[in-house]
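**Student:** sequence? don't have it. structure:
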Ligand SMILES: [Ca+2]
Ligand SMILES: [Ca+2]
Ligand SMILES: [Ca+2]
Ligand SMILES: [Ca+2]
């Protein structure tokens, strides 16, 4: 059964992880900033100005490839809709656990048993790695970029990145906990709320860190590209935000009396 | 009655097929990639960089025409909303069958009778061809581009294109099967879930293949432009993904005991 | 009472008509095409290519004004959401009649009395004119462009424009009639379906005609800019599409036996 | 208890206020207009045309920073979804009061007691300031721009700005009042309607004033950047629109007999 959940989560995870390659928003944004940072003056010559446009900055990195369209709206809509659809489809099986931070928040809130939480998290991490590997194989070499790895945008400090990840993860987990009452009835639209929340997180954080909110989403691309600089931010930030949301939900919003493992 | 369904499906299909011409995303992307592939170096001169932007790449092909706006978001939203609305409006008549791959998956799951499935698929193919012809007539000659024909982006191998089409069709059919319980009650939002899923498929696959997910959507433009290179990918991919989704749904997610034609 | 409805419809109409000025998509698109049509060759020099980008084409017309952002997605989302919200808010008062074509289709379907239909249509036309006048006053002179007047894009023939307007109005009215059963209960999401349908119409038709679907939406800007070339297309197209939808709905989709004024 | 609401509102307000920095739409738009206004002729030289594109205009101000993407669609979606999610999550605690204009309209409609209204408004203002300060700390110095302060776009007169703010606030408050019947049941989708309305307001007004609709949203950035020119517009406009909506709702749309403090 644990195996079944693992396989399914791995399978289901393929969809969301594929976006960063289709439109490699994060490396695109980073590449753009670096190139414009290197050679542009405020007066804006044609070449530097053109190189600094999001859609053109990628041209330097990815040359002749139609896969480069790092529009943040595109990435945000893709992640939001994929999580909404996965939580709609996967509901009967895994209870919608797709994110270690969410699972930890539910463990703290007493909504999942510790042994199950460990199984879920292992399955999520393996699923993220498998999905990144599949994506690596599916994308032409020149279009792979950095496989959507989460990293700090130039000029963003570690503390700022951590703060942003805490905030967006906080609002995501708050929304997930707020929908948990209506979770078993898909007609109540909880999946749409969760999808909106994932979209919002990307709209806010994509310019700072590429938006993780989910350690399993960050681990796969980091392994494939072997890019582990500041990787801990994408574990500490989501977990910190998730714990804060769980505490707020337990103490203030929906004190059910079942939480905190008492 | 079969005729009535044919006529209706043909009529209803006009709407979704019109997008590729309004914003000819696929040929635009392809044209762009080819032009940038032909003459651009990674260092990015102004001219090649400009030619590689999505909105500028089309200028070479389509010159003085305001119809060229191959924004992938535009195409994705248009396809997503049109399928959502068609499955909302057409529900009482055709049960929402608009896609041969979906019909085959329902045949495998025992949710439609073989004779009806054949009628549906014929109507879908004829509808797709009629819609492409109507679109051809409605669009000024210089703006027709390649009529939104599905083809592989430069650098994408056959296996990669097939894999992407399998994955996006898999998630689409999984969502359609997941909504089938609430299908008869439009207030349950099943049409919104299906529309989101179509949008997601386009956001993911548009850079690889133009996103088919539906052989009937690919056949019409291919006939009109007589562009059948790798056309089989847009039959095998969607059908493969649909079958995988039907098997997963039957065996794991919602084993109803009525499937597999027993 | 008729007066009350008139006043309210005039008030409510202000919102949707303001979009064309905020982002004057239609004149922008037209201006862009004309400028690129005048001086661009398929090979794409930098200047002509840049002049042909949607966001740059407007610079020629509107110079120093931040109001020029003729992104078709922006216009489509604005019109879609405004109609969704108006049909949500105005429901108890006017039954959601905001469009002469919709009112005529409901007259044919026997869902509104002829005298009321005349009142509604007069109020809609006056509302459209009042809203255009208000918008004219609210927008700085250099940003007014052509006030979002509907006109044919270069290269689009009268027959093609008429065909596109018939198709998008057809799908809009079909959706409105399909929601009419659940109309009195806003939690059923009928307003979202109508909003999606308005958005889809704009995504499809904005490159051909600026997308009317509604004679009252076309009359106001035409009066203010005194631009009546081909204005009849925006009456005949929407009315033709609406009548076709009403007939299909009555005969095939939802034959209630109350229609066709018997 | 008042304190609890204050803390929570301050916390909850962080999310929406962060968008102006992530994509500093308003200063970006303003910068763009000024630079293009200074040096562009209608004929459109390459340099002035490039400098006038939204995404390039920012390059002059913000140089090497990936945080600059002042796409109005991005800003509109972010604000819309954040308000939708906050009104979904915060419902049990604060009744969704996040905006002084909304609270005043509910005071006039007799739906909140005067003492509570004062507490709510103080908490909203403090929350807005705290959120702006947090955002200031989270954003790298070169990317701060003007912190999303609301100001008039070049060429927009005070009267025009006031008119636009009145109109968008009017439609927002009308929608909020229309959802108030279904407010306690999140499955009725009232939060989606409110989010759509916030998105629409931004799509309409962002080119004129950056779109306030909420004095608390305007106060924070104005304090941090000490930019109080025409600040009163963002108090008078939202309050005027909110009062007009409350009167219309009370007298015509939903006369409950409880309003106007009788
Ligand atoms: Ca998640
Ligand atoms: Ca389909
Ligand atoms: Ca309408
Ligand atoms: Ca608000």
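**Tutor:** Ah, there it is. Note that the structure is predicted; figures quoted are calculated from it, not measured. Ligands and ions are numbered 1, 2, ... in the order given.

**Student:** Residue ranges in the stretch 151-262 of chain A under the pLDDT threshold?
**Tutor:** The model of the stretch 151-262 of chain A has pLDDT under 70 over residues A:181-187, A:254-262.

**Student:** Now it against chain C: closest residue?
**Tutor:** residue A:189 (9.2 Å; C-beta to the nearest C-beta). Where you see a C-beta, it was placed from the backbone N, CA and C, and this is true even at glycine.

**Student:** any idea how far residue B:205 is from that residue?
**Tutor:** 27 Å (C-beta to C-beta, to the nearest Å).

**Student:** Residue A:165 now?
**Tutor:** 29 Å.

**Student:** Please identify which of these two sits among more neighbours.
**Tutor:** residue A:165 (29 against 24; other C-beta atoms under 10 Å in any protein chain shown).

**Student:** Quick check, the more buried one in contact with residue A:242.
**Tutor:** No. Using C-beta atoms under 8 Å as the test, residue A:165 is too far from residue A:242 to be in contact (10.6 Å).

**Student:** could you pull out the helices for chain A?
**Tutor:** In chain A, the helices defined using DSSP state H lie at A:2-22, A:25-39, A:46-52, A:54-62, A:72-89, A:91-94, A:100-108, A:114-138, A:158-179, A:190-209, A:215-225, A:233-248.

**Student:** got the residues of the stretch 151-262 of chain A near chain C?
**Tutor:** Nowhere does the stretch 151-262 of chain A come near chain C, counting by C-beta under 8 Å from any C-beta of the partner chain.

**Student:** ok, which residues in the stretch 151-262 of chain A are in contact with chain D?
**Tutor:** Counting by C-beta under 8 Å from any C-beta, the stretch 151-262 of chain A comes close to chain D at A:153-157, A:160, A:163-164, A:167, A:171, A:174-175, A:178, A:182, A:187-189, A:192-193, A:196-197, A:199-200, A:203-208, A:248, A:252-254.

**Student:** List only those of these flagged as buried.
**Tutor:** A:153-156, A:160, A:163-164, A:167, A:171, A:174-175, A:178, A:182, A:188-189, A:192-193, A:196-197, A:199-200, A:203-208, A:248, A:253-254 (16 or more other C-beta atoms under 10 Å in any protein chain shown).

**Student:** residue contacts, residue A:196?
**Tutor:** Contact partners of residue A:196, counting by C-beta atoms under 8 Å, 6 or more residues apart in numbering or on different chains, are A:80, A:84, A:175, D:81, D:84, D:85, D:195.

**Student:** Find the closest residue to ligand 3 in the stretch 151-262 of chain A.
**Tutor:** For the stretch 151-262 of chain A and ligand 3, the shortest gap (C-beta to the ion) falls at residue A:192, measuring 24.2 Å.

**Student:** Next, find the distance separating the residue nearest to that residue when sequence neighbours are not counted from residue D:177.
**Tutor:** Once flanking residues are discounted, residue A:192 sits nearest to residue A:84: 5.9 Å by C-beta to C-beta, 6 or more residues apart in numbering or on different chains. According to C-beta to C-beta, residue A:84 stands 29 Å off from residue D:177.

**Student:** Which of the two has more residues huddled nearby?
**Tutor:** Neighbour count, other C-beta under 10 Å: between residue A:84 and residue D:177, residue A:84 has more, with 26 against 23.

**Student:** Correct me if wrong: the more buried one contacts residue A:190.
**Tutor:** No. Assessed by C-beta under 8 Å, residue A:84 is found out of contact with residue A:190, at 9.4 Å.

**Student:** isn't residue A:198 right next to residue A:78, touching?
**Tutor:** No. When contacts are counted by C-beta under 8 Å, residue A:198 is not listed as touching residue A:78 (9.9 Å).

**Student:** contacting residues around residue A:245?
**Tutor:** Here residue A:245 is in contact with A:105, A:169, A:170, A:171, A:172, A:173, A:174, A:177 (C-beta under 8 Å, 6+ apart).

**Student:** For residue A:236, which residues are in contact?
**Tutor:** A:162, A:165.

**Student:** do that again at 6 Å, thanks
**Tutor:** If a contact means C-beta atoms under 6 Å, 6 or more residues apart in numbering or on different chains, then residue A:236 has no contacts.

**Student:** Residue A:147 too?
**Tutor:** A:221, A:224, A:225.

**Student:** Once you drop chain neighbours, what's closest to it?
**Tutor:** Nearest to residue A:147 is residue A:221, by C-beta to C-beta, 6+ apart, at 4.2 Å.

**Student:** Touching, residue A:108 and residue A:247? I think so.
**Tutor:** No. At 7.7 Å, residue A:108 does not count as touching residue A:247 under the criterion of C-beta atoms under 6 Å.

**Student:** Show me which of these two is the more surrounded one.
**Tutor:** Neighbours were counted for residue A:108 and for residue A:247 using other C-beta under 10 Å; residue A:108 has more, 20 against 15.

**Student:** Name the nearest residue to the more buried one, sequence neighbours excluded.
**Tutor:** Going by C-beta to C-beta, 6+ apart, residue A:108 has residue A:246 as its nearest residue, at 4.6 Å.

**Student:** The one you found and ligand 4, how far apart?
**Tutor:** According to C-beta to the ion, to the nearest Å, residue A:246 and ligand 4 sit 26 Å apart.

**Student:** Quick check: that residue touching residue A:109?
**Tutor:** Yes. Residue A:246 lies in contact with residue A:109 (C-beta under 6 Å); the separation is 5.0 Å.

**Student:** More neighbours: which of those two?
**Tutor:** residue A:246 (26 against 22).

**Student:** how far away is the more buried one from ligand 1?
**Tutor:** Distance of residue A:246 to ligand 1, computed by C-beta to the ion: 15 Å.

**Student:** Just list the residues touching that residue, thanks.
**Tutor:** A:105, A:108, A:109.

**Student:** ok, the residues you listed vs residue A:137, which is closest?
**Tutor:** residue A:105 (33.2 Å; C-beta to C-beta).

**Student:** Could you verify my assumption that the closest one touches residue A:172?
**Tutor:** No. Taking contacts as C-beta under 6 Å, residue A:105 lies outside contact range of residue A:172: 9.7 Å.
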